[in-house]
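> Quick one, fold the following:
(one chain, ligands or ions: 1)
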Amino acid sequence: MTDIMEASGGLSLTTRLDVAAGVERLRSNDVSAKVLAGDSTLWGPEAEEEASIRLGWTDTFDRSIDLVEKLSKVRAELAEQGVGHVVLCGMGGSSLAPEVISRTLDLGLTVMDTTDPGQIVAEIGEESLRRTVVVVSSKSGSTVETDSQRRAFEAAFASVGVEDWSKRFVFVTDPGSRLESLAEEQGSYLFLADPTVGGRYSALTAFGLVPTALAGADVTALIKEAQDFRASIEGSPDNPAVLLGAVIAHQPTITIADDGTGIVGLGDWAEQLIAESLGKDSKGTLPVVLEHPAAPGARGTDRVYTTVGGASDGLAPGGSALAVPDAAVNGPLGAQFLCWELATAFAGHLLQVDPFNQPNVTESKENTNRILDEGLPEAEPTAVDGDVEIYGGQGSTVAAALGQLLVDASAPDAYLAVMAYLDRFDDKAVAALRSELSERTGAPVTFGWGPRFLHSTGQFHKGGRQTGVFLQITGAVGEDLEIPGKDRTFGTLQAAQAAGDAQALKGRGRPFVRLHLTDRERGVNQLLSAVRELS
Ligand SMILES: O=P(O)(O)OC[C@H]1O[C@](O)(CO)[C@@H](O)[C@@H]1O
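Numbers count the residues shown, from 1 in each chain. This next block holds a predicted model:
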């Protein structure tokens, strides 16, 4: 076993893995220098066209510094009106980086990356609405969740009598998008993002920086951390990003935990980066976000166990040799973003996949649109057990349905994905299913909130290795909410998204069960009790 430790720009990577072969391939092809120089030929001929317009993230932070002055001005204008509570509407790459930044820096930023009616009703009904500014972030300007959230906030501002509500919106989008024209029409604040950077590589562009600066982050410091890291690896074919690229491509699965030394929630952001970038052409590395370093499922012969932290010495705190991860990435957040982005692009070279497209995300979106046009499919439950309706699978009780999924997940190379279309705050207890199921199987187990995961592991489920076993959880809607200007409610949209993805997954012949909670709280408790009864 090889011990390698490299440190530069305040970021270090410690690994006990023997990844010398991957490192050597990256080094001999001079991949690090070529990516930093904007070479688009590294991922095969089919990827070249997209790559040629998508490599701006390697130095976009140098240009992002121009945003800082305008951001201070807008923040001051809002503060003058007593507006300081920041809500972010956006999905995937447009919301995950701001969430890590705000969690790490402990900022008061609320991220709305959902279509769950209860979660949206709770936010728009808040007393704080009168002091709220809503950042609407969408590169394309057309993402249905983001557009629907924007409409809900617009109506909510009007209903509580916020005059000049257009100035309560800050739009972040690419030049030429529908959102840009809307900002101009209604006179909202507008920040144009760098169009040469794709969503999941956009942490250090306007997408990552606008909402967090408005919430009080020192974004200049983040930019500087990325600049220092880049300067330290330039001209060095051996660097932490090269090593991390080889680590990511080393096994079919990578598990990621915060090590507790200062960076909070980077795993959720890295999950999207890795899953959407690499999970295609039946290849890729499956990311599994762990609740903490000791969470079940961290280790296995099929996976690499990584920790992420802010400590500068590159060592996760405490414990025996057993607690030492396969790889530890430690250092400041700005450097972490750039290091993981580079490493993912390098892993794409090793796996020969295009790290800049997401070909299979569209399929579920198209199914959803068709369902919205035609109406939700009528379905009778296969069985009803207490507060849970069971659709599909072979079991007539919740315990039997879950037990069967665990049997299916014991097939070679299989993994189990739990996908919950629920309120990630009010129904958060359901997330414990991941660790409970993980304790009962040797297979990797992931957990995602729908529809958020559709912009992350959703790509891997449909485009990566076809060995997934799928548990979808939906729930009864209490108070539903019309989407203003659309002939539908959030509840209908959420149900159509779940049904659309179900069609895409079942169409691939993968094991799939939907459990519908007719009472959310009791249903969640029932699921957890049922899984705990399984041996
Ligand atoms: O910023 P947009 O265009 O709203 O897209 C949101 C997310 O949806 C995806 O395009 C596809 O899932 C992600 O890659 C992206 O980050």
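
> what residues does stretch 480-491 touch?
Stretch 480-491 has contacts (C-beta atoms under 8 Å, 6 or more residues apart in numbering) with 115-117, 120-121, 148, 151-152, 154-155, 372, 477, 492-493. Every residue, glycine included, has its C-beta placed from N, CA and C.

> whoops, I mixed them up, stretch 141-160
Identification of contacts with stretch 141-160 by C-beta under 8 Å, 6+ apart yields 87, 89-91, 94, 112-115, 120, 124-125, 129-130, 134, 136-138, 165, 168-169, 173-174, 177-180, 182, 365, 368, 451, 481, 483-486, 490, 493.

> contacting residues around the residue in the stretch 251-400 of the chain that the ligand sits nearest to?
Per C-beta to the nearest ligand atom, V361 is where the stretch 251-400 of the chain lies closest to the ligand, at 4.1 Å. Contact analysis of V361 by C-beta under 8 Å, 6+ apart lists 276, 454-455, 458-459, 462.

> Export the residues you listed as a markdown table, with columns for secondary structure, pLDDT and neighbour count.
What follows is these, written out as a markdown table (DSSP: H, G, I helix; E, B strand; the rest coil; pLDDT from 0 to 100; neighbours: other C-beta atoms under 10 Å):
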| residue | secondary structure | pLDDT | neighbour count |
| --- | --- | --- | --- |
| E276 | helix | 98 | 29 |
| L454 | helix | 98 | 27 |
| H455 | helix | 97 | 27 |
| G458 | helix | 98 | 30 |
| Q459 | helix | 98 | 29 |
| K462 | helix | 98 | 25 |
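
> okay if I get these as JSON lines plus distance to M419?
As requested, the contacts of V361 are exported to JSON lines (distance: C-beta to C-beta, whole Å):
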{"residue": "E276", "distance to M419": "16"}
{"residue": "L454", "distance to M419": "9"}
{"residue": "H455", "distance to M419": "13"}
{"residue": "G458", "distance to M419": "8"}
{"residue": "Q459", "distance to M419": "13"}
{"residue": "K462", "distance to M419": "12"}
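
> Now the two most distant members of those residues.
H455 and K462 (12.5 Å; C-beta to C-beta).

> pLDDT weak spots in this protein?
Under the criterion pLDDT under 70, the flagged ranges of the chain are 1-6, 312-323.

> sorry, back to before: give me the subset of the contacts of stretch 141-160 touching the ligand.
Near the ligand, judged by C-beta under 6 Å from any ligand atom, the entries from the contacts of stretch 141-160 are 91, 94, 138.

> Could you verify that Y305 is part of a helix?
No - in this structure, Y305 is strand, not part of a helix, as judged by DSSP: H, G, I helix; E, B strand; the rest coil.

> ok, now how distant is the residue of the stretch 251-400 of the chain closest to the ligand from T368?
Look at V361 and T368: by C-beta to C-beta, to the nearest Å, they are 11 Å apart.

> Please give me every residue in contact with the residue nearest to T397 when sequence neighbours are not counted.
Excluding its sequence neighbours, the residue lying closest to T397 (C-beta to C-beta, 6 or more residues apart in numbering) is D385, at 4.7 Å. Contacts for D385 were tallied using C-beta under 8 Å, 6+ apart; they are 396-398, 526.

> 10 Å instead, please
Residues counted as contacts of D385 (C-beta atoms under 10 Å, 6 or more residues apart in numbering) are 395-401, 515, 526, 530.

> and what of E126?
The contact partners of E126, taken as C-beta under 10 Å, 6+ apart, are 85, 87, 110, 132, 156, 160.

> quick one: the third one and V87 touch, right?
Yes - counting by C-beta atoms under 10 Å, T110 sits close enough to V87 to count as a contact (4.7 Å).

> higher neighbour count, these two?
Taking neighbours as other C-beta atoms under 10 Å, T110 and V87 compare with V87 leading, 23 against 19.

> Domain map for this structure?
Following the assignment in automatic domain parsing, the chain carries domains at 4-56+237-351, 65-223, 361-533.

> Over to G448. Which of the three states is it?
strand.

> for V135, phi and psi?
Main-chain dihedrals, V135, degrees, to the nearest 10: phi -90, psi 120.

> Now do the same contact list for the residue lying closest to it once chain neighbours are set aside.
In this structure, V135 finds its nearest non-sequential neighbour in P211, 4.3 Å apart by C-beta to C-beta, 6+ apart. Applying C-beta under 10 Å, 6+ apart to P211 gives the contacts 86-90, 94-95, 97-99, 101-102, 107, 109-111, 133-137, 170, 172, 191, 217.
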